[in-house]
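1. Fold the following for me, if possible:
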Amino acid sequence: MAKASPAEAAEGHPVWSRDFALFFVARAVARLGDTMLPVALAAGLLQHGHGAGAVGLAMAATAAAFAGFVVLGGVIADRFSTRRLMIGSDLVRLGTQALAAALFFSGHVVLWEICAIGFVNGVASAVFQPGVASTTPRLARDVQGANGAIRVAESAAQLGGPALAGLLVGLASPGGVFAAHAATYAVSALCLLLLRLPPLPAGTTPEPSTFRADLVEGWREFRSRTWLWGVIAVWCLYMLTVWGPSLPLVATEVVQEHGAGAYGLVNSALGAGTVVGGLLALRLRPRRMLRAGAISLFAFVGFPATVGLGLDVPAMAVGAALAGAGMSFWGVMWATSVQTQVPADVLNRIHAYEVAGSLAMMPVGQALAGPSASALGAENVLLIAGVMSVVVAAILLAVRPIRDLERADAPAARSLPADEPERARAE
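-> Here you go, the predicted structure:
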């Protein structure tokens, strides 16, 4: 990595500053709370006489609201202050999770009320999420380093969150986990309130327009970048055939064959791998980031394939760790590419389209996992998922605009016409 020039050194650290540290803490603490929520929902609803279907329904209410509103959230984020929107979203979720805690503490737990709370949380998350993409490049000159640091923190939170939730359930009750979750949103909102965002670059303030016009412009900008919509199209296949079926089937197979403790070990190995992948992303600076990220995705084959082949628990843990590292490294390469290649004035909207497209096929893949396992056998479905993980990585490398996209270390200052060549966009 090249040394910073004296001018750059005078500007301070390329990643760490007071304001980035506040944003880092906000993201890490909020992620810690989010990983506690599934434990709280499962323990709380089962304790009050509801079954696994109710837990799934409560989680689906949040996921459906997020997927349905995230594109609109991107448009809203480009029209108003992203920091204020994120603070408002955190305060809404602080209120809903505090209400959920009160319901569980009182013993008055009605499923439709929990689902309604989850739906409101999903909408608030949809308004919050687009602002994350545009905030990172405004706080750090080294966007890749910033994304890597955040990925490491979020991965560490994902490792510790479920364990902390289990401890709180044992010491207090599911209501205590919801109260702790609400507190994480309070911390996030406070950090964002103290945050000082630098102004957008000159010429990137959006002109006044209608909501529909902003929505159309965001789609036009998204569609005009082959590398962008190409990755999302491939990612839909990935979610449908690899990630969607792998998560539920790996959990089911490992628990049935080796017990819940073994699944906990495999899941922890997956989380530890994501930490390693984030650390690697802090160090490695490939010229063609999406090419390097696609190569790292080949490692994901170890997650479904080791379980599908019926290997022992240590082998599955190693496969999961390699898969987590590959996915995490890809995630940093992808996020950094989007944040540095896309003009600041449309970044929130394009990020919203990207998130919506990335997640669109995941619930379909999860829903098809059961029927596919019944028809073909769970082991065979997992082996197919392993093969498809290799196919998807190969497709990403085969598409020239994706594999040849060169890194850009500063956010674009203006939108480019839709018909401008891809090479000009990369530069």
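
2. Distance check, residue 213 against residue 68.
-> Using C-beta to C-beta, to the nearest Å, residue 213 is found at 21 Å from residue 68. For the C-beta atoms, the positions are set from N, CA and C on the backbone; glycine is no exception.

3. Quick check: nearest residue in space to residue 146, chain neighbours excluded?
-> residue 140 (3.7 Å; C-beta to C-beta, 6 or more residues apart in numbering).

4. Okay, and the nearest residue to residue 241 once chain neighbours are set aside sits in which element?
-> The spatially closest residue to residue 241, leaving aside those adjacent along the chain, is residue 388, at 4.1 Å (C-beta to C-beta, 6+ apart). Using DSSP states H and E, residue 388 sits in helix 378-398.

5. can you pull the buried residues of stretch 40-60?
-> 40-45, 48, 50, 54-55, 57-60 (16 or more other C-beta atoms under 10 Å).

6. and it, what's its mean pLDDT?
-> Here stretch 40-60 scores 73 as its mean pLDDT.

7. Next, report how far that stretch is displaced from the centre of its chain.
-> Relative to the centre of its chain, stretch 40-60 is centred 23 Å away, using C-alpha atoms, centre = their mean, to the nearest Å.

8. So residue 343: helix, strand or coil?
-> State at residue 343, reduced to three classes by DSSP: H, G, I helix; E, B strand; the rest coil: coil.

9. tally of neighbours for it?
-> 17 (other C-beta atoms under 10 Å).

10. i'd like the first residue to be 21 from this point on
-> All set: I'll call the first residue 21, so the last point we hit is now residue 363.

11. and it, how far is that from residue 82?
-> To residue 82, residue 363 is 31 Å away according to C-beta to C-beta.

12. coming back round to it: show me what the next helix or strand after the helix holding residue 408 is packed up against.
-> Downstream of helix 398-418, the next assigned helix or strand under DSSP H and E is helix 420-423. On a contact count with 3 or more C-beta pairs under 8 Å, 6 or more residues apart in numbering; DSSP states H and E, helix 420-423 meets helix 246-258, helix 309-317, helix 398-418.

13. Now with 6 Å, please.
-> helix 246-258 (3 or more C-beta pairs under 6 Å, 6 or more residues apart in numbering; DSSP states H and E).

14. in terms of contact, does residue 215 touch residue 39 like I think?
-> Yes - the pair residue 215 / residue 39 is scored as a contact, 5.4 Å apart, by C-beta atoms under 6 Å.

15. The nearest residue to residue 405 once chain neighbours are set aside is in what secondary structure piece?
-> What sits nearest to residue 405 in space, not counting adjacent residues and going by C-beta to C-beta, 6+ apart, is residue 324, at 4.1 Å. Taking DSSP H and E as the definition, one finds residue 324 inside helix 322-328.

16. next one: residue 139
-> Going by DSSP H and E, residue 139 is in helix 131-159.

17. Quick check: buried residues in that helix?
-> So for helix 131-159, counting by 16+ other C-beta under 10 Å, buried means 131, 134-135, 137-159.

18. Report how many residues lie close to residue 311.
-> By other C-beta under 10 Å, 18 other residues sit near residue 311.

19. I'd assumed residue 424 was in contact with it.
-> No - Residue 311 is beyond contact range of residue 424, at 7.5 Å (criterion: C-beta under 6 Å).

20. tell me the contacts of residue 367?
-> 153, 154 (C-beta atoms under 6 Å, 6 or more residues apart in numbering).

21. So what does it have for phi and psi?
-> Per-residue torsions, residue 367: phi -60, psi -40 (degrees, to the nearest 10).

22. Next up, the contacts around the closest residue to residue 215 other than its chain neighbours.
-> Distance criterion C-beta to C-beta, 6+ apart; nearest residue to residue 215, sequence neighbours excluded, is residue 42 at 4.9 Å. Contact analysis of residue 42 by C-beta under 6 Å, 6+ apart lists 211, 214, 215.
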